[in-house]
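Q: what's the 3D shape of this:
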Amino acid sequence: MMTTTGTSTQAATESLAQAIEREGSPVELLRNQNWPAFTFPVAPEFTNWRDEQRAWNTSVALMDQSHHMTQLFLDGADLIPLLGSISPNTFATFRPGVAKQLISVNRDGYLIGDGILFYNSEGPEGLVLIGHHILIDWVRFNIEKAQDAGKDVRYRLEANSHMRQGPPTFYRYELQGPHADVVMEKVFGGPAPEIKFFHIGDVTIAGRPVKALRHGMAGQPGFEFYGPWEDSDVILNALMDAGAEHDIRRVGAKAYSSSPLESGWVPTPFPAVFDDDFAEYRAWLPAARIGSVAGSLYSSDVHDFYMTPFDIGLGRSVRFDHDFHGREALEKHAENQRRRKVTLIWNADDVAAIVRSQVEPGTPAKYLDFPKARYGLYQMDEILKDGRRVGISTDAGYVAYDQLYMSLATLDVGLRDGEEVEVVWGEDPISRKDSVDADHRQVRIRATVAPAPYHDFARTVYRANA
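A: Predicted structure coming up:
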């Protein structure tokens with residue numbers, strides 16, 4: 001776990017509250033704190049990341065999701081009421097065999113984070129929350145408080161493979177693309193199982209019991225298969241063998257990192273945990289777990305980094321059928337939505353100019369990586385229209401199928417699809433993070449506003465089944 005800033009090494013026991021006091025503000029802490037590069041036992045590329053990207057649009061792709069996310073195994077008679085008290089999600093019909101995108105907000109209705117909550121079964125560890133650790137840490141904190149109050153609720157934290165010794169509890173393989181159902185027919189010796197979107201089915205593959213979640217990671221139809229780790233090789237080989245005649249591609253870490261650009265999922269929104277209602281949480285949370293912020297958005301006011309669920313397309317997870325922390329404020333946000341999630345298509349000439357600056361004399365533009373250009377846990381780049389800030393670009397990268405550089409963004413609702421804005425790329429002032437080029441200049445990139453998800457299929461047919 002990384003515990004260093006750009007200037008000093010702190011004890012691993014330093015809390016977030018202590019680190020903020022040392023740095024003077026949460027913005028300065030997160031701008032200058034390092035966040036470790038993730039390396040997992042999944043190859044960066046199995047063939048090449050461009051063809052691996054194309055596979056989920058043209059044939060079929062297999063993604064290994066076993067290693068990169070944190071898992072929180074949950075149970076207890078008081079668990080669902082506890083989750084309902086900190087989440088705007090409805091639990092009225094939540095039951096075994098269903099999954100949901102769990103979110104949480106602060107007192108003022110701003111987003112903490114999101115994850116996928118799987119209801120696998122009744123009983124011990126029957127629910128599993130999977131995602132980046134941001135929301136998971138907030139859930140853990142509330143469980144520990146509930147335990148102190150005598151509530152029947154428990155958790156087991158399983159870190160990702162970068163921070164954990166030994167294998168994970170489950171393998172997780174995502175199979176998706178236009179040929180996914182055809183491959184499934186071969187796997188099952190008949191039609192693919194009829195499972196509703198975000199529902200979990202019990203299937204058998206190569207003689208082994210497997211759980212199957214119906215969804216997709218890049219806006220294409222597919223399944224996520226998971227089961228005990230000891231079956232991982234058997235299931236992987238069965239899926240690859242079934243897809244061989246359909247040009248199946250294993251997706252490496254590089255291509256996989258870009259899949260949110262097509263699905264329209266913002267991977268790591270900035271967590272709104274810096275107000276009074278989170279004071280106790282900041283004293284509990286190790287500073288190293290808060291991550292780092294990168295990008296051109298610079299403000300001394302941490303609230304300029306906050307987003308509501310509606311700002312990044314998570315409004316469908318909000319239900320006002322129960323009381324929860326932040327409900328009153330979130331109701332006001334629902335009535336007055338200021339921003340919306342969009343895709344920004346970056347101007348090809350401006351992208352080329354950034355790349356060209358790396359091989360010309362003079363100070364180059366901030367390096368633009370392919371296929372993903374995120375250099376902090378939270379990528380926060382300023383969006384301008386006529387010199388005025390109108391939004392935040394959050395996740396940028398290249399999509400080979402479309403031959404486009406793009407980013408996911410939250411943008412003022414008054415700006416419509418087809419309009420042109422500018423993304424400010426590079427930092428000024430330049431932060432002390434190791435991941436940022438110590439010598440670079442800011443540039444502006446013209447970008448055209450488009451829907452998110454970008455592809456018609458993901459936006460219409462796929463989402464209509466949600």
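
Q: contacts and neighbour counts: CA atoms only from here.
A: Will do.

Q: how near is the residue nearest in space to the middle of the chain to residue 202?
A: What sits nearest the mean C-alpha location of the chain, by CA atoms, centre = their mean, is residue 267, with 2.0 Å. Taking CA to CA, to the nearest Å as the criterion, residue 267 is separated from residue 202 by 28 Å.

Q: Quick one: mean pLDDT over stretch 250-268.
A: Confidence for stretch 250-268, expressed as mean pLDDT, is 94.

Q: where does the stretch 51-200 of the chain have low pLDDT?
A: Within the stretch 51-200 of the chain, no stretch falls below the threshold (pLDDT under 70).

Q: quick one: the helices in it?
A: When secondary structure is read from DSSP state H, counting those that start in this stretch, the stretch 51-200 of the chain shows helices at 79-86, 133-148, 180-188.

Q: out of these, nearest to residue 223?
A: Nearest to residue 223, of all the helices of the stretch 51-200 of the chain, is helix 180-188, at 8.2 Å by CA to CA.

Q: What strands flank whatever helix or strand comes next after the closest one, and is each parallel or antiparallel?
A: Sequence-wise, the next helix or strand beyond helix 180-188 is strand 200-205, with elements assigned using DSSP states H and E. With DSSP bridges as the test, strand 200-205 is paired with strand 208-214 (antiparallel).

Q: Buried ones in the strand it pairs with, by neighbour count?
A: Residues of strand 208-214 classed as buried under the neighbour-count rule (16 or more other CA atoms under 10 Å) are 210, 211, 212, 213, 214.

Q: could you give the mean pLDDT of that strand?
A: Average pLDDT, strand 208-214: 95.

Q: CA atoms only: put that strand into CSV for me.
A: Extracted as CSV, the C-alpha positions of strand 208-214 are listed here (Å, rounded to 0.1, in the frame of the first residue of the first chain):
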residue,chain,number,x,y,z
ARG,A,208,-18.5,-27.5,-12.8
PRO,A,209,-21.2,-25.4,-11.1
VAL,A,210,-20.9,-21.8,-12.2
LYS,A,211,-22.7,-18.5,-11.4
ALA,A,212,-23.6,-16.4,-14.4
LEU,A,213,-24.4,-12.6,-14.2
ARG,A,214,-25.9,-11.2,-17.3
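
Q: Relative to the whole chain's centre, how far out is whichever helix or strand comes after that strand?
A: As assigned by DSSP H and E, the chain's next helix or strand after strand 208-214 is strand 222-228. Strand 222-228 sits 19 Å away from the centroid of its parent chain (CA atoms, centre = their mean, to the nearest Å).

Q: Next secondary structure element downstream of strand 222-228?
A: Downstream of strand 222-228, the first helix or strand assigned by DSSP H and E is helix 232-243.

Q: Tell me the buried residues in that following helix?
A: Applying 16+ other CA under 10 Å to helix 232-243 flags 232, 235, 236, 239, 240, 242, 243 as buried.

Q: Same question for stretch 84-102.
A: Residues of stretch 84-102 classed as buried: 84-91, 96-102 (neighbour count, 16+ other CA under 10 Å).

Q: From those, pick the one nearest residue 399.
A: Compare each of the buried residues of stretch 84-102 with residue 399 using CA to CA and the shortest gap goes to residue 101, at 25.0 Å.

Q: for the closest one, which residues make a bridge with it?
A: Under DSSP bridges, the residues paired with residue 101 across the bridge are residue 116.

Q: which two in the buried residues of strand 208-214 are spaced the farthest apart?
A: Across those (CA to CA), the longest gap, 12.8 Å, separates 210 and 214.

Q: how about the buried residues of strand 208-214 in a markdown table, adding distance to residue 446?
A: Below are those laid out as a markdown table (distance: CA to CA, whole Å):
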| residue | distance to residue 446 |
| --- | --- |
| 210 | 47 |
| 211 | 44 |
| 212 | 42 |
| 213 | 39 |
| 214 | 37 |
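
Q: Residue 253: which of the helices of the stretch 51-200 of the chain is closest?
A: Nearest to residue 253 among the helices of the stretch 51-200 of the chain is helix 133-148 (18.8 Å), distances taken as CA to CA.

Q: contacting residues around the closest one?
A: When contacts are defined by CA atoms under 8 Å, 6 or more residues apart in numbering, helix 133-148 is touched by residues 69-70, 72, 82-83, 103-104, 112-115, 129-130, 152-155, 271, 281, 284-285, 289-290.

Q: Recalculate using a threshold of 6 Å.
A: Taking CA atoms under 6 Å, 6 or more residues apart in numbering as the criterion, the residues outside helix 133-148 that touch it are 70, 113, 114.

Q: residues in contact with the closest residue to residue 197 other than its chain neighbours?
A: Counting by CA to CA, 6 or more residues apart in numbering, residue 214 is the residue found nearest to residue 197 once chain neighbours are left out, at 5.1 Å. Residues in contact with residue 214 (CA under 6 Å, 6+ apart) are 197, 198, 199, 223.

Q: What's opposite residue 214 in the beta bridge?
A: With beta bridges defined as DSSP bridges, residue 214 has these partners: residue 223.

Q: just to revisit the earlier point, does the residue nearest to the residue nearest to the centre of the chain when sequence neighbours are not counted lie in a helix or a strand, and which?
A: Leaving out its chain neighbours, the residue that sits closest to residue 267 by CA to CA, 6+ apart is residue 260, at 7.1 Å. Counting by DSSP H and E, the element that carries residue 260 is helix 259-263.
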